[in-house]
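**Student:** need a structure here:
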Amino acid sequence: MSVAEPRTIVLFRHAKADWPQVTDHERPLADRGRKDAAEAGRRLADTGIPVDLALCSTSVRTRETWKLAVHEFPHRPKTVYEERIYEASPGELIAVLNETPDDVRNVLMIGHNPGIQGLADILAGSAEDEARERMDRRGFPAAAFAVLSFTGAWKSVEPGVAALGDYWAPTE
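**Tutor:** Predicted coordinates:
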């Protein structure tokens, strides 16, 4: 694949988590989170984006979100569970994206706030007005996702490089 071809980054926040007496990393999804994760998977599948690689935080809630969402996809992409996504800043998330091999066209990253929302905000140098307006109004609630596109190598991902093309949150 040429680095001149458009690429897609889907930033997906884990669904609503429960608050049992476990460490933050071990928190499972709440009932609503399981429902919203499946709905987000259907919405992601409806975008028609052929996800080549999923980069998922190692936390229980992100792994559960991904398991429920990917079930709705027409094909299961390669999945890498990446410890660095848990509690990562936007800069740390960019570093993970920068390591993506250039033969990968479309990446979906399942992570946490505030990092995922911050990354969507700083990558989007331009945006479709409606998508930006909805994201600005709603923030990045549990199970929300943003679809960004850019052209270039993964190592060139940096603030302002992408265009926000779509945004979805479960209560919309």
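
**Student:** and the residue in the chain sticking out farthest from the centre, helix, strand or coil?
**Tutor:** No residue in the chain has its C-alpha farther from the mean C-alpha position than Gln21, which lies at 27.0 Å (Cα atoms, centre = their mean). Using DSSP: H, G, I helix; E, B strand; the rest coil, the three-state assignment for Gln21 comes out as coil.

**Student:** same deal with Thr8?
**Tutor:** Under three-state DSSP, Thr8 comes out as strand.

**Student:** quick one, longest helix in the protein?
**Tutor:** helix 31-47 (DSSP state H).

**Student:** Next SSE downstream of that one?
**Tutor:** Using DSSP states H and E, the helix or strand that follows helix 31-47 in sequence is strand 53-56.

**Student:** Specify the local secondary structure of the nearest residue to Glu83 once chain neighbours are set aside.
**Tutor:** Closest residue in space to Glu83, ignoring its immediate chain neighbours: Thr58 at 5.0 Å, by Cβ to Cβ, 6 or more residues apart in numbering. C-betas here are computed from N, CA, C, even on glycine. Of the three states, Thr58 takes coil under three-state DSSP.

**Student:** coming back round to it: report the buried residues of the longest helix of the chain.
**Tutor:** Buried residues in helix 31-47, defined by neighbour count with 16 or more other Cβ atoms under 10 Å: 33-41, 43-45.

**Student:** Confirm Leu97 sits in a helix?
**Tutor:** Yes. Under three-state DSSP, Leu97 sits within a helix.

**Student:** Trp154 is in contact with that one, correct?
**Tutor:** Yes. The pair Leu97 / Trp154 is scored as a contact, 6.0 Å apart, by Cβ atoms under 8 Å.

**Student:** Tell me how far Met135 lies from Leu108.
**Tutor:** To Leu108, Met135 is 17 Å away according to Cβ to Cβ, to the nearest Å.

**Student:** Kindly apply the preceding question to Gly41 instead.
**Tutor:** 11 Å.

**Student:** how many neighbours does the residue nearest to Arg34 when sequence neighbours are not counted have?
**Tutor:** Of all residues not flanking Arg34 in the chain, Leu68 sits nearest, at 6.0 Å (Cβ to Cβ, 6+ apart). As a burial measure, Leu68 scores 21 neighbours (other Cβ atoms under 10 Å).

**Student:** Now do the contacts for Leu68.
**Tutor:** Residues counted as contacts of Leu68 (Cβ atoms under 8 Å, 6 or more residues apart in numbering) are 15, 29, 34, 37-38, 41.

**Student:** and the two most separated of those residues?
**Tutor:** Leu29 and Gly41 (12.9 Å; Cβ to Cβ).
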